[in-house]
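Peer 1: For reference, the sequence and a predicted model appear below.
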Amino acid sequence: MVVVMAPGATDEDVANVVARVEAMGGEAFVSKGLSRTIIGLVGDVAAFHHLNLRTLRGVADVHRISDPYKLVSRQHHAERSTVRIGPAGRQVPIGPETCTLIAGPCAVESREQMLEAAQMSRSAGAGLLRGGAFMPRTSPYAFQGLGLKGLEILADVGEATGMPVVTEVVDARDVGVVAEYADLLQVGARNMGNTGLLQAVGEAGRPVLLKRGPSATLEEWLMAAEYVAQRGNLDIVLCERGIRTFETSYRNTLDLSAVPAVQATSHLPVVVDPSHAAGRQDLVVPLARASIAVGADGVMVDVHPFPDQALCDGPQALDGTALRELATAVRRLPPALGRRTGAPDRSPA
């Protein structure tokens, strides 16, 4: 069961609902989004009905939810959500009215590399800049990222180019420091089921980008998002990045069916990462076009000034002709579908 608070509800109104629920032995989890506050209730549902929560000041509605995920379901939130990334004055929206491009190198290697990649990404129409500082690699011998130095470079380049930044956090102990530098915290596919990390980013006060695990069902993916929401954060963006199948011609099988399927079930925005699905530069732009066409709320791609020199995922990074083709798709396709490209308000770099 969930309690939906009215837009003008005060902290005192929320506290009153929580106190009522806890007084009869239930648990209440408060989750705040940009436009509304939702309280998830755990306990005896029949007893909750006797509390007459709808009559309390500040309560807009009360819903009994049949989905196993309560807070991210559309059963209580019919309209799809928009998540706004970045500080006031240069926020970037991700939601049903926009198709937002997120671009940048897989890994931060140097300030010069990051700045050039950021300028390339921005010229292609990107609203958000990506870059990895902590790299969860398959091999322990592969480049693991620059850590804190990488965060500093990423934040500095994002500020210089007017682009909010997204980077991955891989350890719950690092959430606080990463949140000081990043505007959007990414939980990678390998960590989708890391409940401790999910709870930590849910409490960090930053929007969260949650990638689907390589073998995760849609319900498991949404249940992972529920862990984030239950800790107080409804500003969650889901990311489809391909699932593991029997096919070996490319890295993962991009599940584009997941985009409309999840949008029908959850109010959260859904973006697609064709770079990590394909693992091949020649497939990224076609898959990006398909992602936009199927209704994705955004596309995230790897961009590098010199892919053959990249320390991470160079074979899938875009530059030159491929990047110009992506820019054309980002410029032309969303308007054909009644959308605009998500971009921040910013002055020229």
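Peer 2: Cool, got the structure. Residues are numbered from 1 along each chain as shown.

Peer 1: Start from the N-terminal end of this protein and give the helices.
Peer 2: 11-23, 45-49, 111-123, 148-161, 175-181, 195-202, 218-230, 258-265, 274-278, 281-293, 320-336 (DSSP state H).

Peer 1: Just the CA coordinates for the fifth one, please, in PDB.
Peer 2: By that I understand helix 175-181. The C-alpha trace of helix 175-181 is given here as PDB (Å, rounded to 0.1, in the frame of the first residue of the first chain):
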ATOM      1  CA  VAL A 175      28.700   6.900  -2.500                       C
ATOM      2  CA  GLY A 176      29.300  10.000  -0.400                       C
ATOM      3  CA  VAL A 177      32.400  11.100  -2.200                       C
ATOM      4  CA  VAL A 178      31.100  10.300  -5.700                       C
ATOM      5  CA  ALA A 179      27.900  12.200  -4.900                       C
ATOM      6  CA  GLU A 180      30.000  15.300  -4.200                       C
ATOM      7  CA  TYR A 181      31.200  15.300  -7.800                       C
END
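
Peer 1: Now that helix: buried residues?
Peer 2: 175, 178-179, 181 (16 or more other Cβ atoms under 10 Å). Quick note: C-beta positions are derived from backbone N, CA and C, even for glycine.

Peer 1: measure residue 96 to residue 236 for me?
Peer 2: Going from residue 96 to residue 236 by Cβ to Cβ, to the nearest Å gives 15 Å.

Peer 1: hang on, I meant residue 270
Peer 2: In terms of Cβ to Cβ, residue 270 sits 10 Å off from residue 236.

Peer 1: before we move on, the earlier item: Throw the helices of the chain into a markdown table and include distance to residue 311, thanks.
Peer 2: Below are those laid out as a markdown table (distance: least, Cβ to Cβ, whole Å):
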| stretch | distance to residue 311 |
| --- | --- |
| helix 11-23 | 47 |
| helix 45-49 | 52 |
| helix 111-123 | 9 |
| helix 148-161 | 11 |
| helix 175-181 | 20 |
| helix 195-202 | 24 |
| helix 218-230 | 29 |
| helix 258-265 | 30 |
| helix 274-278 | 15 |
| helix 281-293 | 16 |
| helix 320-336 | 19 |
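
Peer 1: residues contacting the closest residue to residue 117 other than its chain neighbours?
Peer 2: Computed as Cβ to Cβ, 6 or more residues apart in numbering, the closest residue to residue 117 that is not its neighbour in sequence is residue 105, at 4.7 Å. Contacts for residue 105 (Cβ atoms under 8 Å, 6 or more residues apart in numbering) come out as 113-114, 117, 130-132, 302-304, 310, 312, 317.
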